[in-house]
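J.: Have a look; sequence and predicted model below, questions after that.
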Amino acid sequence: MPNITVRKMSGLQGEITPPGDKSISHRAIMLSSIARGKSRISNLLQGFDCQATIDAFSKMGISIHTSNDKTATIEGKGLRGLKKPDSGLYLANSGTTMRLLMGILAGQDFEAMLTGDESLSKRPMKRVTYPLRLMGADIAGKDDANLAPITINGTVLKPIDYKSPVASAQVKSSIIFAGLYADGITTIAEPFKSRDHTERMLRLFGANLKEEDLSVSVEGLGSSELKPQSISVPGDISSAAFFIVLGILAEDAQIKINHCGVNSTRRGILDALGRMGAKIELAERIESFEPIADIIVKRSPLRATKITKDEIPLLIDEVPLIALCATQAEGETIIEGIGELRVKETDRVSSVVTNLKAFGADIEAEGDSLIIKGPRKLKGAKVESFGDHRTAMMSVIAGAIAEGKTTVDDTGCIATSFPEFEHILASITNTGDSL
């Protein structure tokens with residue numbers, strides 16, 4: 001399996017453009033496929049997860065053409081224009097594809113089976129299948145439809161008023177998608193606000209949504225159709241975050257990140273780092289349906305902070321990086337409410353703790369909290385990815401600020417969300433040791 005070897009970096013200067021946002025790319029493919037007419041998506045992320053979404057809709061009769069300039073043209077066939085796939089839909093490692101697609105398939109007139117790799121087959125799906133069943137969905141699978149393979153026999157759906165026990169954009173989006181096929185108004189409430197890319201994009205495509213506090217309501221489309229769109233996908237802040245953190249922690253660094261999404265439900269990493277004393281400059285603007293910004297970060301001394309559980313949905317993917325920053329911050333940092341990280345591509349809590357300890361960090365997991373004491377001088381280490389793209393990239397960034405040589409094994413998983421990661425990292429290496 002491929003690996004990445006890195007040495008301590010310093011004097012980093014440069015500009016990067018992060019890949020297209022993974023969450024938005026998934027949703028753009030899905031909604032373009034069930035709209036009626038031709039949609040065009042630019043800056044589409046072409047990682048493994050989004051390819052799984054493209055493959056699934058292609059097997060259901062949707063014409064999707066992608067080009068080397070990260071543009072996709074999709075001939076949508078309408079809300080009920082999908083066709084029964086000739087075989088099961090293999091979704092590789094993409095939990096987003098599986099959970100959101102279930103909401104769309106629940107309202108079709110055919111049966112489809114969703115499968116995934118070993119990791120995806122262990123991830124909990126009942127958080128989605130349970131509310132979909134309340135809507136009348138016919139769903140079967142292992143452990144009472146909690147584990148893939150999941151078989152969905154599309155049927156007539158009814159609206160529900162559902163209070164989700166978890167703040168999850170995937171759960172919320174799946175129910176909203178199913179609500180498009182129900183006759184009436186479907187409402188979902190969350191304990192905390194999760195990312196709102198689905199709501200923003202559905203409005204763009206012409207759906208009728210209403211948001212109030214922590215709830216979202218969608219009106220079934222009946223005989224109406226979603227309208228095709230031209231969409232420019234902003235840069236993924238979850239990918240940009242690795243270089244934001246590198247710019248803050250590396251000696252004599254200054255890095256500019258261009259065209260990065262700064263949606264209020266995704267920028268928790270910026271708010272947390274700001275509290276820790278990071279020097280971050282933003283030039284914000286609105287493009288289409290999402291706010292974006294050019295971001296400049298500089299080497300910054302950090303202080304400890306506390307991340308509360310209500311913040312976690314706003315920075316769930318960046319917890320490994322906040323933990324890394326906490327190893328260099330003065331004092332004790334506490335990150336609460338991290339239980340959801342145990343059911344990602346791997347037990348991400350365990351992988352982050354294991355790898356940061358290998359670097360010499362003072363970090364412990366206690367229940368649903370991480371406790372990190374700093375600052376600690378990190379030393380190069382040989383670590384593994386655990387098959388998790390975010391653990392892998394966090395470990396590479398840790399190696400870039402650690403003394404000595406670091407090797408991260410099994411880094412092929414990085415292509416899930418950030419195929420250009422190693423290339424971009426090499427492009428901003430100026431002085432000191434490097435890749």
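T.: Now that the structure is in, tell me what you want to look at.
J.: how about residue 207, what does it touch?
T.: The contact partners of residue 207, by CB atoms under 8 Å, 6 or more residues apart in numbering, come to 180, 218-219, 221, 226. No exception for glycine: its C-beta is placed from N, CA and C like everyone else's.
J.: Point out where this structure drops to low pLDDT.
T.: When residues are selected by pLDDT under 70, those of the chain lie in 1, 429-435.
J.: please redo it, this time with the cut-off set to 50
T.: Where the chain drops to pLDDT under 50, the residues are 431-433.
J.: hey, where'd the strands end up in the stretch 1-150 of the chain?
T.: 3-7, 9-10, 13-16, 36-42, 63-66, 72-77, 89-90, 111-115, 138-141, 147-153 (DSSP state E, counting those that start in this stretch).
J.: about what we covered before: now intersect the contacts of residue 207 with the strands, please.
T.: 218-219 (DSSP state E).
J.: Now neighbour count and distance to residue 348 too, for the contacts of residue 207, in JSON lines please.
T.: Output for the contacts of residue 207, formatted as JSON lines (neighbours: other CB atoms under 10 Å; distance: CB to CB, whole Å):
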{"residue": "180", "neighbour count": "25", "distance to residue 348": "32"}
{"residue": "218", "neighbour count": "25", "distance to residue 348": "31"}
{"residue": "219", "neighbour count": "18", "distance to residue 348": "37"}
{"residue": "221", "neighbour count": "21", "distance to residue 348": "37"}
{"residue": "226", "neighbour count": "24", "distance to residue 348": "34"}
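J.: Now the contacts of residue 207 in a markdown table, please, with extra columns for distance to residue 195.
T.: Below are those laid out as a markdown table (distance: CB to CB, whole Å):
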| residue | distance to residue 195 |
| --- | --- |
| 180 | 19 |
| 218 | 16 |
| 219 | 22 |
| 221 | 23 |
| 226 | 20 |
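J.: sorry, back to before: ok, which of the strands of the stretch 1-150 of the chain comes nearest residue 395?
T.: strand 3-7 (8.6 Å; CB to CB).
J.: Only alpha carbons, please: show that closest one as PDB.
T.: Taking Å, rounded to 0.1, in the frame of the first residue of the first chain, the C-alpha atoms of strand 3-7 are listed here in PDB:
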ATOM      1  CA  ASN A   3       2.800   5.600   2.100                       C
ATOM      2  CA  ILE A   4       3.900   9.200   2.700                       C
ATOM      3  CA  THR A   5       7.200  10.100   4.300                       C
ATOM      4  CA  VAL A   6       7.600  13.700   5.600                       C
ATOM      5  CA  ARG A   7      10.100  15.700   7.600                       C
END
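J.: Can you list the strands that it pairs with?
T.: Strand pairing for strand 3-7, using DSSP bridges, gives strand 405-409 (antiparallel).
J.: in the partner strand, what counts as buried?
T.: By 16 or more other CB atoms under 10 Å, the buried positions in strand 405-409 come out as 406-409.
J.: What does the residue lying closest to residue 16 once chain neighbours are set aside show for phi and psi?
T.: Of all residues beyond its chain neighbours, the one nearest residue 16 is residue 424 (5.2 Å), with distances taken as CB to CB, 6 or more residues apart in numbering. In terms of degrees, to the nearest 10, the main-chain angles of residue 424 are phi -70, psi -40.
J.: What distance do you get for residue 424 to residue 66?
T.: 21 Å (CB to CB, to the nearest Å).
J.: And the protein, split by domain according to the record?
T.: For the chain, automatic domain parsing gives the domain ranges 3-19+234-430, 22-214.
J.: and residue 200, what element?
T.: helix 197-205 (DSSP states H and E).
J.: And that helix, what's buried?
T.: 197-202, 204-205.
J.: again with stretch 340-353
T.: 340-341, 344-349, 351-353.
J.: and those residues as TSV, adding distance to residue 40 and secondary structure?
T.: Below are those laid out as TSV (distance: CB to CB, whole Å; DSSP: H, G, I helix; E, B strand; the rest coil):
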residue	distance to residue 40	secondary structure
340	34	helix
341	35	helix
344	32	coil
345	31	coil
346	36	coil
347	39	coil
348	35	helix
349	40	helix
351	38	helix
352	38	helix
353	43	helix
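J.: Tell me where the stretch 301-435 of the chain has strands.
T.: Using DSSP E, counting those that start in this stretch, strands in the stretch 301-435 of the chain cover 302-303, 306-307, 329-335, 362-366, 369-374, 382-384, 405-409, 431-432.
J.: Can you work out which other helices and strands pack against the first one?
T.: Other elements packing on strand 302-303 under the criterion 3 or more CB pairs under 8 Å, 6 or more residues apart in numbering; DSSP states H and E are strand 329-335.
J.: so how far is the strand it packs on off the chain centroid?
T.: 25 Å (CA atoms, centre = their mean, to the nearest Å).
J.: Pairing partners for it, with directions?
T.: strand 302-303 (parallel), strand 306-307 (parallel), strand 369-374 (antiparallel).
J.: Which among those is found nearest to residue 41?
T.: It's strand 306-307; of the strands paired with strand 329-335, that one is closest to residue 41 (CB to CB) at 33.2 Å.
J.: and stretch 207-224, how far from the chain's centre?
T.: For stretch 207-224 - counting by CA atoms, centre = their mean - the centre lies 23 Å from the chain centre.
J.: What of stretch 115-128?
T.: 16 Å.
J.: Same question for stretch 374-385.
T.: That offset, for stretch 374-385, works out to 25 Å (CA atoms, centre = their mean).
J.: Same question for stretch 5-15.
T.: 25 Å.
J.: residues contacting the closest residue in space to residue 86 that isn't next to it in sequence?
T.: In this structure, residue 86 finds its nearest non-sequential neighbour in residue 59, 7.0 Å apart by CB to CB, 6+ apart. Residues counted as contacts of residue 59 (CB under 8 Å, 6+ apart) are 85-87, 89.
J.: can you give me the helices for the protein?
T.: 22-34, 48-59, 95-105, 126-134, 142-145, 169-179, 197-205, 237-249, 268-275, 312-315, 319-327, 348-358, 389-401, 421-427 (DSSP state H).
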